[in-house]
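K.L.:
What follows is a predicted protein model with its sequence.
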Amino acid sequence: MFRRILGLFAGAPRGSVKVIPREMTQQMFDSIESQTTWDISRPMLWGFFFIDDSPEKLQRAGRELEKRGYRFVKIYQDDPKINWWLHVEREEVHTVDSLHARNVELSVFARETGLKDYDGNDVGPLVEK
């Protein structure tokens, strides 16, 4: 996975909406273009990450995101055992603007559901099964 926009807002005040700047999303797309052979205009596997102190809250958020078309991947604790993480994913095509809009949407979702944070996204090519 190409993980470029992640971990930007850890430690910001709970309940605030922290939006990944569009310029960072543009940098992610520029890096993918220069460092990979991926055709980003085709469907890719986009991962989205949320943080909270409560795995139960993340489970509830994960169920709600599944209703919205996301696939649940896992809930796990980070190495220093400080935060719990929710990872969901979707297969879709994004432009800089559509991914920026998705990041805004998920930041608002995190705030509205009382999660500590929406931490960002990663992307990788779809794997043939």
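P.N.:
Nice, thanks for sending it over. Note that the structure is predicted; figures quoted are calculated from it, not measured. Numbers count the residues shown, from 1 in each chain.

K.L.:
Contacts only, for the residue most central in space within the chain.
P.N.:
When the chain is reduced to its mean C-alpha position, the nearest residue by CA atoms, centre = their mean turns out to be residue 48, at 2.1 Å. For residue 48, the residues meeting the contact criterion (CB atoms under 8 Å, 6 or more residues apart in numbering) are 70, 87-90, 102, 106, 118, 120-121. Bear in mind the C-beta positions are built from the backbone N, C-alpha and C, glycine included.

K.L.:
Please repeat the previous calculation with a cut-off of 10 Å.
P.N.:
Taking CB atoms under 10 Å, 6 or more residues apart in numbering, we find residue 48 in contact with 6, 65, 70, 73, 86-90, 102-103, 105-106, 109, 118-122.

K.L.:
next one: residue 103
P.N.:
Contact analysis of residue 103 by CB under 10 Å, 6+ apart lists 5, 18-22, 24-25, 48, 118, 120-121.

K.L.:
change it to 6 Å
P.N.:
Residues near residue 103 by CB atoms under 6 Å, 6 or more residues apart in numbering: residue 20.

K.L.:
Just checking, which helix or strand succeeds the helix or strand hosting it along the chain?
P.N.:
Assigned by DSSP states H and E, residue 103 belongs to helix 96-112. On the C-terminal side of helix 96-112, the closest following helix or strand by DSSP H and E is strand 117-125.

K.L.:
For that following strand, C-alpha coordinates in PDB please.
P.N.:
Extracted in PDB, the C-alpha atoms of strand 117-125 (Å, rounded to 0.1, in the frame of the first residue of the first chain):
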ATOM      1  CA  ASP A 117      -9.800  11.200  15.000                       C
ATOM      2  CA  TYR A 118     -10.000  10.300  11.300                       C
ATOM      3  CA  ASP A 119      -6.300   9.800  10.500                       C
ATOM      4  CA  GLY A 120      -6.200   9.500   6.800                       C
ATOM      5  CA  ASN A 121      -5.900   7.100   3.900                       C
ATOM      6  CA  ASP A 122      -3.700   4.800   2.000                       C
ATOM      7  CA  VAL A 123      -4.000   3.300  -1.400                       C
ATOM      8  CA  GLY A 124      -2.800   0.300  -3.400                       C
ATOM      9  CA  PRO A 125      -3.600  -1.600  -6.600                       C
END
